[in-house]
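Novice: one predicted model, sequence on top.
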Amino acid sequence: MTQKLDNLQAALHAALGDKIKTLVRANGEISITVAAADYAEMAMMLRDDASLRFEQLIDLCGLDFSDYKNQAWDGLRYCVVSHLLSVTHNWRVRLKVFAPDDDLPAVASLTDVWSSANWFEREAFDMFGIIFEGHLDLRRILTDYGFIGHPMRKDFPTTGHVEMRYDAEKKRVIYQPVTIDPREIVPRVVREDHYGGMH
């Protein structure tokens, strides 16, 4: 496994060079971070370069880094993480990009590179409000069309803003303000590394 990761790391450096902002090798995996301006071009190189050949986008998700590990985060807030697979070389890489504007997070769409990005990007838009520039059908996929906000953002209230119920008189589902009083029932627990394990 170590030799395989060495080969992948060398191939990544040879193909992408200084466009890789960070490369982290941990737990038998390699994660690379690229700048938002280089994101689409780097994705295309990861797919097309003969030494890499990442033919498949396995997953893509959004992340909100505010309050990361229960501490203030010094950096850009929204990140898009893609998991790529090379069937040709039988290896994987994690591609990360941070949206350069926290107020209006946006990165390039990868739907022209991997068609499987379509619904993943729609989900990241719906849940985190990340805009994917160039996506031809960027609309909500999990929440209702009239939903306000993005529920996976860390500043979104856990109870939401509205609730829906069936109204017997109107014979339809209606929306109304949340009737649950906000409270924290379970204290927040932060476990130390190796909690409960042998030291």
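Specialist: Okay, I see it. Numbering: from 1, shown residues only.
Novice: surely Glu123 is within a helix?
Specialist: Yes: according to DSSP: H, G, I helix; E, B strand; the rest coil, Glu123 belongs to a helix.
Novice: ok, it touching Leu142?
Specialist: Yes: between Glu123 and Leu142 there is a contact under CB atoms under 8 Å: 6.3 Å. Glycine gets a C-beta too; all of them are placed from N, C-alpha and C.
Novice: more neighbours: which of these two?
Specialist: Glu123 (18 against 12; other CB atoms under 10 Å).
Novice: check the offset of stretch 80-89 from the chain's centre.
Specialist: Relative to its parent chain, stretch 80-89 has a centroid offset of 14 Å by CA atoms, centre = their mean, to the nearest Å.
Novice: same deal with stretch 68-83?
Specialist: Distance, centroid of stretch 68-83 to centroid of chain: 10 Å (CA atoms, centre = their mean).
Novice: show me which residues of that stretch are buried.
Specialist: Arg77, Tyr78, Cys79, Val80, Val81, Ser82, His83 (16 or more other CB atoms under 10 Å).
Novice: turn these into JSON lines, columns for distance to Asp49, pLDDT and secondary structure.
Specialist: As requested, the buried residues of stretch 68-83 are exported to JSON lines (distance: CB to CB, whole Å; pLDDT from 0 to 100; DSSP: H, G, I helix; E, B strand; the rest coil):
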{"residue": "Arg77", "distance to Asp49": "31", "pLDDT": "95", "secondary structure": "coil"}
{"residue": "Tyr78", "distance to Asp49": "27", "pLDDT": "97", "secondary structure": "strand"}
{"residue": "Cys79", "distance to Asp49": "24", "pLDDT": "97", "secondary structure": "strand"}
{"residue": "Val80", "distance to Asp49": "21", "pLDDT": "98", "secondary structure": "strand"}
{"residue": "Val81", "distance to Asp49": "21", "pLDDT": "98", "secondary structure": "strand"}
{"residue": "Ser82", "distance to Asp49": "16", "pLDDT": "98", "secondary structure": "strand"}
{"residue": "His83", "distance to Asp49": "18", "pLDDT": "98", "secondary structure": "strand"}
